[in-house]
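Participant: Output the structure for:
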Amino acid sequence: YGIITRIICESLEELGIAGRAIGLAGVGCSYGSKPLHIDVDWISCPHGRAPAMATAIKRIHPDAIVFTAQGDGDLGAIGIGAFMSALLRGEKLTTIFLNNAGYGQTGGQMAPTTIMGMRTTTTSEGRNETHGYPLHAAELAASMKGVAYSARVSVNTPANFQRAKKAVKTAFQKQIDRTGYGFVEFLSACPSVWGLSPVDCLTFIAENMIAEYPLGEFKNLNSPE
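Facilitator: The predicted structure is shown next:
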């Protein structure tokens, strides 16, 4: 999360938008890693409701750069309705989605993004068809007409770091240009919940997470202007 926070900070600075950026943080691990370390205006949201609150702020302050930073439980479970509604309306927002395949703050339970076969505190023998299938948020966002940009990235290698930063800057640029919703999904590690060392987590992302969640851009629309 610290590396992802760095990418957000550098993107805001390099685009010259830090002074008018407003962040909305979801409940969970994503909250502590963003408002406490990024020096812009922040709002703490009820669980899952960041896109709804962001919509109100953007409509009242259309020149502000409004973005949400949300974990997989916050956005993909309790907040899926608010997220889908914002996508369907084509709000001019930016969302940074943090996918670590589990609930990190509440005990390591299965999340919407837990991959098949992965063990959690609520899937002791591994996730199977009975539990449903992993949520592919980047592909889902790309299918919506009001979405201008959707990508999935990771920071498990230096090369992926550079691609991730480019994606975040592009997502913010879509809001600056008023093109549409910008969405970036990060595959991120959670050593404590995964029960792996930080180094082994990098291998798990490369061999398991990316196999389920391919990296890349799924949609990139040009400005309507």
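Participant: burial count for the residue nearest to residue 192 when sequence neighbours are not counted?
Facilitator: Leaving aside its chain neighbours, residue 192 sits nearest to residue 104 (7.3 Å; criterion: CB to CB, 6 or more residues apart in numbering). The way it works is simple: take the backbone N, C-alpha and C, and place the C-beta from them, glycine included. Using other CB atoms under 10 Å, residue 104 is surrounded by 24 other residues.
Participant: go on, residue 119?
Facilitator: 16.
Participant: element containing the closest residue to it other than its chain neighbours?
Facilitator: In space, and not counting its chain neighbours, residue 119 is closest to residue 126: 5.2 Å by CB to CB, 6+ apart. Using DSSP states H and E, residue 126 sits in no helix or strand.
Participant: could you measure residue 126 against residue 194, distance?
Facilitator: Relative to residue 194, residue 126 is positioned 13 Å away (CB to CB, to the nearest Å).
Participant: same check, this time on residue 206
Facilitator: Using CB to CB, residue 206 is found at 14 Å from residue 194.
Participant: Give me the more crowded residue out of those two.
Facilitator: Counting neighbours by other CB under 10 Å for residue 206 and for residue 194 shows that residue 194 has the greater number, 22 against 15.
Participant: residue boundaries of the strands in this structure?
Facilitator: Ranges of strands in the chain, per DSSP state E, are 21-25, 41-44, 65-71, 94-99, 147-154, 181-187, 216-220.
Participant: so which of these gets nearest residue 122?
Facilitator: Nearest to residue 122, of all those, is strand 65-71, at 16.5 Å by CB to CB.
Participant: thinking again about what came up before, residues in contact with the residue nearest to residue 119?
Facilitator: 116-119 (CB atoms under 8 Å, 6 or more residues apart in numbering).
Participant: do that again at 7 Å, thanks
Facilitator: Residues near residue 126 by CB atoms under 7 Å, 6 or more residues apart in numbering: 117-119.
Participant: again with residue 49
Facilitator: Taking CB under 7 Å, 6+ apart, one finds 79, 82 in contact with residue 49.
Participant: For residue 192, see how far away it is.
Facilitator: Distance, residue 49 to residue 192, by CB to CB: 27 Å.
Participant: And for residue 154?
Facilitator: For residue 154, the distance to residue 192 - CB to CB - is 19 Å.
Participant: and if you look at residue 72?
Facilitator: Between residue 72 and residue 192 the distance, using CB to CB, works out to 16 Å.
Participant: and the residue nearest to residue 192, what pLDDT?
Facilitator: At residue 104, the predicted lDDT confidence score is 74.
Participant: That one touches residue 190, doesn't it?
Facilitator: Yes. Here residue 104 reaches residue 190: they are 4.9 Å apart, a contact under CB atoms under 7 Å.
Participant: re the thing from before, the more surrounded of residue 154 and residue 192?
Facilitator: Shown here are residue 154 and residue 192; by other CB under 10 Å, residue 154 has more neighbours (24 against 10).
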